[in-house]
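**Q** Quick one, fold the following:
(one chain, ligands or ions: 1)
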Amino acid sequence: MKIIMVEDNEAIIMGLEYLLTKEGYEVETARSITQAEAFLQKRDCALVLLDIGLPDGDGFRFCSKIRENYRLPVIFLTAREEERDVVRGLDLGAEDYVIKPFRNRELVSRIKAVLRRNGKGDNRLRCGDIVINAETGRVNRNGREITLTKLEYKILFSMMSYPGKLFTRDEILADIWDVSGNFVNDNTLSVTMKRLREKLGDSDAQIIKTVRGMGYRMEA
Ligand code: CA
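**A** Just a heads-up that it's a prediction; the model follows:
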C-alpha cells in the first residue's frame, strides 16, 4: 500500500518515513507539488498526505486537483490550526485534517480509518495467529472461525488495534459502554474476559495477559 507524502520539512519527512514504513506502508516523498504530480501519474498510490505550505504552491488548490483527477483520499497534515483552514480543507473534499505537531499513533489510526473508508485498507487486524476482518466482523484463529458476542468482539477489536498496550479495566468499561446496551460492571467484565479467552483458546492467558491490579494487555 503506497502513500504519497507531500511535505517540505526534512525533520517531518524523516520521522514520517520511519513511522509509515514501520507500519508497513510504502512511502513516496514529494518535496513539492510538481514532484507529487509525477508520483500521482503512476496511479499506484492509495492515499495522499498533504502539507499546505509548499515551495511551489499551496496544498488547498492541489487538493482539489487530486480529488478531481485522481479521486484519491487526501489527509491534510499541516501546522495551520485555524478553524477556517480546517473547514476549507474538509470542504475541498479532504478525508481528514491533522494538525502539526501530531501524535504518531493517532496519525496512523487516521490513515488506516481513511483507507478503510475508501475500501483500500487492509481490513484485517492481526495478533499472532488471531485475525479480525473488520469489514465482515469475522474472527479467526489459525483459520478456525470464532463466534463472539458483540461485547467480546468490541473488547478484542479494541485490544487488537493496539497490541502491547495496557488497557485498564476502566478504559475497557468506558469503551464497551455504548455497545453493551446496559450497564457492564467490573464483574461482568471479568466474566466476559474469561469467556473471550476460552473462545480464543487462551485459557492460560498467554495472548490476553492480565496485568495485576491494572487491566489487560494483548501480546503483540
Ligand atoms: Ca510546509
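**Q** Quick check on the closest residue to the ion within the chain: phi, psi?
**A** Residue of the chain nearest the ion, by CB to the ion: residue 53 (3.9 Å). (C-beta placed from N, C-alpha, C; glycine too.) For residue 53, the backbone dihedrals are phi -80, psi 100 (criterion: degrees, to the nearest 10).
**Q** That one and residue 78 touch, don't they?
**A** Yes. Contact criterion CB atoms under 8 Å: residue 53 and residue 78 qualify, at 7.3 Å.
**Q** need the residues of this protein near the ion, please.
**A** Counting by CB under 5 Å from the ion, the positions of the chain adjacent to the ion are 8, 51, 53.
**Q** quick one: which of those is most hemmed in?
**A** For those, the largest neighbour count, defined by other CB atoms under 10 Å, is 25 neighbours, found at residue 51.
**Q** what's the spacing between the residue nearest to that residue when sequence neighbours are not counted and residue 112?
**A** In space, and not counting its chain neighbours, residue 51 is closest to residue 7: 4.8 Å by CB to CB, 6 or more residues apart in numbering. Distance, residue 7 to residue 112, by CB to CB, to the nearest Å: 19 Å.
**Q** next one: residue 220
**A** Counting by CB to CB, the gap from residue 220 to residue 112 is 17 Å.
**Q** and what of residue 202?
**A** For residue 202 relative to residue 112 (CB to CB), the value is 25 Å.
**Q** all strands for this protein, in order.
**A** Remark: strands assigned in the chain by DSSP state E are 2-6, 26-30, 47-50, 53-54, 57-58, 74-78, 96-99, 124-127, 130-133, 138-141, 144-146, 166-168, 208-211, 215-218.
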